[in-house]
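1. 3D, please:
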Amino acid sequence: MRVAFLGLGHMGLPMARNLAAAGHDVTGFDVVPAACDAARDAGLTVAARALDAVADADVVLTMFQTGAQVTDAYRGGGDTPGLLQAAPAGILFIDCSTIAVDDARAAHALATAAGHRSLDAPVSGGVVGAENATLAFMVGGEADVFAQARPILEAMGRRIVHCGEAGLGQAAKVCNNMILAASQIAVAEAFVLGERLGLGHQALYDVAAHASGQCWALTVNCPVPGPVPSSPANRDYAPGFAGALMDKDLSLAAHAVQSTGTDARIGMLAHEIYRDYAAGPGAARDFSGIITDIRDAR
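-> Numbers count the residues shown, from 1 in each chain. Below is the predicted model:
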C-alpha cells in the first residue's frame, strides 16, 4: 500500500521504517527538519509538506503529541486544506498518537464526515518495540475497518487488539499506562528498600521476576543496571519512554478519572509523582529513572 506517515520522531521513524521493510510504499513528513533528515538517512521518501505526503496515499498514519494537533491537521484552517481534504476519497486514517478519548472520537467524526475510514490505534512498547516491530496496538473503530487495517499494523507490532468502537483504543491506552506508572514506582521503591536492607539487585530480581512481583516494569524496564541488560537503567536512563510522556499520559488518565468519577487513588498518586519527576531532569529521562527521585527523597 501507499502509506503516508506523519510524525517521524523516536517512535514514528522506526515504525515507518518497518512498514517500508514490509514492502509498503512509505512517504513520510515531520514538522521538525532534523526528523525529516533522519528519515532520509534511513532510506525513506520524505515529502516537502504533509499535504503532499497524503495526496496519493491509501493509508495515512499520524503519530502526534496532542489531540489538538491531530484534529487541527485533519481539519486544516483558513486557506490551508486539512489532511482529510488533501487525501484521496475514502482512504484509511490511523491515528497512533496517545490522546484523550474525546479527541480521538472527534478525529473519528471528522474523518467519517469527510468520507474516510478511521481508527485510533495508540501503541505500547516504547522505542525498543517500535524498532523491533513488537509494539502492541490498542485499536478503536468499526470491526470491518480494523480488519482492513490489520496487515498494516502487523508490520509494526506483535499484538493487535480491537478494543471496540472509536475512542476505545485510547481508553485502553490510558488504563494500561496508569497500571504501568504505578507498577514502575512500586518496583523502584522495592529496589530502594532492598538496597537499604542490604539486598543485592540481582537477588531481588531473581526472586521477584519469578514470583508474584513479576511485571513488565521489572522484567523489561528494570530500574537498576545489571539484571536486564537492555533496560534504560544501563544507559543512564536514556529513553525509552520519557518522563514527560508518562506525565502526559497520566494527565489524560486523570482527565478520564475525573470525567467518570472513578476512585483511582493509586493512579492519581502515580500522576502526582510523575508530574514532579517531569518538572525536572526526569522530563528527558526514561520514566524508570523515577528510582533516583525515590533514593533522594530520604
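
2. wait, what's in contact with the closest residue to T219 other than its chain neighbours?
-> Sequence neighbours aside, A209 is the residue nearest to T219 in space, at 5.2 Å (criterion: Cβ to Cβ, 6 or more residues apart in numbering). To be clear about C-beta, it is placed using only N, CA and C from the backbone, and glycine gets the same treatment. Under the criterion of Cβ atoms under 8 Å, 6 or more residues apart in numbering, the neighbours of A209 are L218, T219, P227.

3. in the lengthiest helix in the chain, what counts as buried?
-> Secondary structure of the chain per DSSP state H: the longest helix is helix 168-197. Across helix 168-197, burial judged by 16 or more other Cβ atoms under 10 Å covers 168-188, 190-192, 194.

4. Just the helices from the stretch 1-150 of the chain, written as ranges.
-> For the stretch 1-150 of the chain, the helices defined by DSSP state H, counting those that start in this stretch cover 12-21, 33-41, 50-54, 67-75, 83-86, 101-113, 126-132, 143-154.

5. okay if I get those helices as a markdown table plus distance to G282?
-> What follows is these, written out as a markdown table (distance: least, Cβ to Cβ, whole Å):
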| stretch | distance to G282 |
| --- | --- |
| helix 12-21 | 23 |
| helix 33-41 | 23 |
| helix 50-54 | 32 |
| helix 67-75 | 24 |
| helix 83-86 | 34 |
| helix 101-113 | 26 |
| helix 126-132 | 16 |
| helix 143-154 | 31 |
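
6. Of these, which is nearest G289?
-> With Cβ to Cβ as the criterion, G289 lies closest to helix 126-132 of those, at 13.7 Å.

7. who does the one residue sitting closest to the centre of the chain bridge with?
-> Nearest to the mean C-alpha position of the chain, counting by Cα atoms, centre = their mean, stands V123 at 4.6 Å. V123 has the following beta-bridge partners by DSSP bridges: F137.

8. Looks like it contacts C96 (just checking).
-> Yes: counting by Cβ atoms under 8 Å, C96 is a contact partner of V123 at 5.7 Å.

9. Give the residues shared as contacts by the two.
-> Joint contacts of V123 and C96 (Cβ under 8 Å, 6+ apart) are M11, M15, F137.

10. Other residues contacting stretch 161-177?
-> 98-105, 108-109, 118-124, 136-143, 146, 246, 249-250, 252-253, 256.

11. picking that back up, distance check, the residue nearest to the centre of the chain against L245.
-> V123 is 12 Å from L245, where distance means Cβ to Cβ, to the nearest Å.

12. shared neighbours of those two, anything?
-> Common neighbours of V123 and L245, counting by Cβ under 8 Å, 6+ apart, are T98.

13. Which members of the contacts of A209 occur in helices, if any?
-> Among the contacts of A209, the ones falling in helices (DSSP H) are L218, T219.

14. so which of the contacts of A209 comes closest to D41?
-> T219 (33.3 Å).

15. Hmm, the closest one is touching S231, no?
-> No: using Cβ under 8 Å, T219 is not in contact with S231, being 9.2 Å away.

16. Could you pick out the longest strand of the chain?
-> Assignment by DSSP state E gives strand 157-164 as the longest strand of the chain.

17. Much appreciated, bye for now.
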